[in-house]
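[1] What shape does this take:
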Amino acid sequence: MIQLLLGPDDLTRIRFALSPLEELVHSVPVLTGSGQHMVHRPWRTRALPAVAHIDLSVLRALTEGPRFVADFLAPPPEAMTGHFADELDAMASTPAEEVVRSLDEMRAGQGLPESLRPLYEHPERELSRLAATMAAYWSAAIEPVWPRLRSLSDADVAHRAQQLTTGGLDRVFADLHPEVTYASGKLNIDKPRHHAVRSAAGAGLLLVPCVFAWPRLLVLHNAPQQPTLTYSPRGIGQLWSARGDEQAQPLTELMGRSRAALLVHLDLPVSTTQLAAYLGVSSAAVSQHLSVLRRCNLVTSHRSGRWMLHQRTALATELLLPEGRPEPR
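    Reported below is the predicted structural model:
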């Protein structure tokens with residue numbers, strides 16, 4: 001059991017954040033088959049050949065420990081949505097003693113794999129090599145799907161934020177993960193192989209949705225890091241559902257390829273910038289198409305923080321369905 005003690009100051013410092021580096025770290029066991037990957041099989045099938053040229057031996061050893069993932073691999077993000085390059089720089093700047101401590105904790109009683117010995121003995125030198133490996137892996141496997149991952153997590157954060165404002169922490173933690181219970185300032189995480197009690201002591205709590213964490217709940221509780229829970233966002237079952245030109249073919253004939261393609265990508269709330277990146281067109285062109293689709297009641301738009309998010313309507317979804325096939329419920 002891990003118990004986090006949250007005082008009055010901590011309850012005012014609970015925040016959400018998205019982390020591309022967290023997605024990278026937790027995708028590695030999924031890719032290599034050592035973690036749960038049935039839900040992510042479509043991604044894994046595409047990613048495996050894309051990373052075949054990258055030596056992942058060190059990254060695998062750091063993410064496939066029997067009890068822990070190395071803490072220093074994904075420092076808690078400072079911003080609501082971290083930038084990969086900034087997060088990678090923070091990881092590469094980890095003090096040598098913290099790398100050694102993290103490796104000792106991760107491999108306690110198991111022995112250190114030979115692949116990790118250079119990192120353990122020369123952390124300053126090897127961290128830069130690890131960062132280069134992670135950058136190459138990001139470009140090949142995660143960056144192409146990052147807008148999709150971010151859209152799902154954005155939608156989850158919006159949902160959790162609404163829960164927080166309407167029902168407080170009790171409601172947020174009621175369905176965050178089966179291992180979490182909350183009552184009277186005590187957050188209990190059911191981890192039978194772990195035993196720890198930590199007072200947040202005013203540091204608050206960070207909640208990070210992470211697609212590739214599914215179905216696990218990951219806990220960072222070691223001081224001085226901010227206590228962090230990494231959990232699976234809602235809707236993962238539909239994340240890799242079939243999408244493509246064949247889905248939009250009837251609408252393509254009616255409204256043109258660009259607008260039909262927009263509707264295919266709008267099953268989750270997505271920003272204008274993300275849509276432009278998906279489709280390889282300018283943001284201005286996307287905005288123009290969205291304006292037309294809104295007037296036809298095929299798209300709705302709402303603001304979430306500094307983002308304007310767009311999603312197709314039930315009518316648009318019905319138009320995309322193959323003839324005669326009912327909409328899944």
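
[2] Compute the number of surrounding residues for S199.
    Look at S199: counted by other CB atoms under 10 Å, it has 14 neighbours. For glycine as for every other residue, the C-beta is placed from the backbone atoms N, C-alpha and C.

[3] and it, what are its bridge partners?
    On the basis of DSSP bridges, S199 is bridged to L5.

[4] Confirm for me that it is in contact with D9.
    No. Assessed by CB atoms under 8 Å, S199 is found out of contact with D9, at 10.8 Å.

[5] Give me the common contacts of these two.
    Common contact partners of S199 and D9 (CB atoms under 8 Å, 6 or more residues apart in numbering): none.

[6] so where's the stretch 1-150 of the chain uncertain?
    Along the stretch 1-150 of the chain, segments meeting pLDDT under 70 span 34-37, 65-68, 108-109.

[7] Repeat the analysis, applying 50 as the threshold.
    Within the stretch 1-150 of the chain, not a single segment meets pLDDT under 50.

[8] The stretch 151-300 of the chain now?
    Low-confidence segments of the stretch 151-300 of the chain (pLDDT under 50): 244-246.

[9] which residues of the protein fall in helices?
    Shown for the chain, the helices assigned by DSSP state H span residues 8-11, 20-32, 41-50, 57-63, 84-92, 96-106, 117-121, 123-137, 146-174, 245-255, 257-264, 272-279, 283-295, 314-320.

[10] winner for burial among the ones you listed?
    Highest mean neighbour count among the helices of the chain (mean count of other CB atoms under 10 Å): helix 20-32, with a mean of 24.

[11] quick one on the thing from earlier: distance to R234 added to the helices of the chain, as JSON lines?
    Shown next, in JSON lines, are those (distance: least, CB to CB, whole Å):
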{"stretch": "helix 8-11", "distance to R234": "23"}
{"stretch": "helix 20-32", "distance to R234": "16"}
{"stretch": "helix 41-50", "distance to R234": "18"}
{"stretch": "helix 57-63", "distance to R234": "24"}
{"stretch": "helix 84-92", "distance to R234": "24"}
{"stretch": "helix 96-106", "distance to R234": "30"}
{"stretch": "helix 117-121", "distance to R234": "36"}
{"stretch": "helix 123-137", "distance to R234": "27"}
{"stretch": "helix 146-174", "distance to R234": "5"}
{"stretch": "helix 245-255", "distance to R234": "23"}
{"stretch": "helix 257-264", "distance to R234": "21"}
{"stretch": "helix 272-279", "distance to R234": "19"}
{"stretch": "helix 283-295", "distance to R234": "24"}
{"stretch": "helix 314-320", "distance to R234": "18"}
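
[12] Ok, which of the ones you listed comes nearest P192?
    helix 96-106 (17.7 Å; CB to CB).

[13] Next, the angle helix 123-137 makes with that closest one.
    If you take axes from the mean of the first three to the mean of the last three CA atoms, to 10 degrees, helix 96-106 sits at 70 degrees to helix 123-137.

[14] From the rest of the structure, what touches helix 96-106?
    With CB under 8 Å, 6+ apart as the criterion, helix 96-106 contacts 62, 65, 67-72, 112, 116, 119-120, 123-124, 127, 222.
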